[in-house]
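Q: Build the 3D model from these lines:
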Amino acid sequence: MDKETNSAGRNAALQKKQQREENARERKEQREREEEELKERKQIRQEEQEERKQIRQEEREERKREREEARGQQESSS
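A: Just a heads-up that it's a prediction; the model follows:
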């Protein structure tokens with residue numbers, strides 16, 4: 001009877017240890033997934049920011065061309 005009790009106790013302790021290890025592994029995997037998602041979101045934000053910057057630059061250049069054309073027309077009509 002004593003051997004069975006010890007064996008059952010060891011099995012229970014082993015199962016607890018395995019469960020703790022599995023929980024730790026799951027938490028680590030979850031952190032890694034969250035870190036990867038954070039990196040992806042950061043990359044997307046950076047790409048969107050660069051796109052907006054490019055659009056603003058193109059709009060400035062277009063307005064500058066329009067002003068230069070308007071000046072050219074004023075000067076030629078004068």
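
Q: Show me where this protein dips below the pLDDT cut-off.
A: 1-4, 78 (pLDDT under 70).

Q: 50 instead, please
A: Within the chain, no stretch has pLDDT under 50.

Q: Which element, helix or strand, includes Gln43?
A: Assigned by DSSP states H and E, Gln43 belongs to helix 2-77.

Q: which helices and strands does that helix pack with?
A: Other helices and strands packing on helix 2-77, by 3 or more Cβ pairs under 8 Å, 6 or more residues apart in numbering; DSSP states H and E, are absent; none qualifies. For every residue, glycine as well, the C-beta is placed using N, CA and C.

Q: what's the spacing between that helix and its chain's center?
A: Centroid separation between helix 2-77 and its chain, computed with Cα atoms, centre = their mean, to the nearest Å, is 0 Å.

Q: what about Asn11, neighbour count?
A: Here the count is done by other Cβ atoms under 10 Å, and Asn11 has 10 residues near it.

Q: gap between it and Asn23?
A: Using Cβ to Cβ, to the nearest Å, we find Asn11 at a distance of 19 Å from Asn23.

Q: Also Ser77?
A: With Cβ to Cβ as the criterion, Ser77 and Asn23 are 80 Å apart.

Q: These two: which is more packed in?
A: With neighbours defined as other Cβ under 10 Å, Ser77 and Asn23 compare such that Asn23 has more, 10 against 6.
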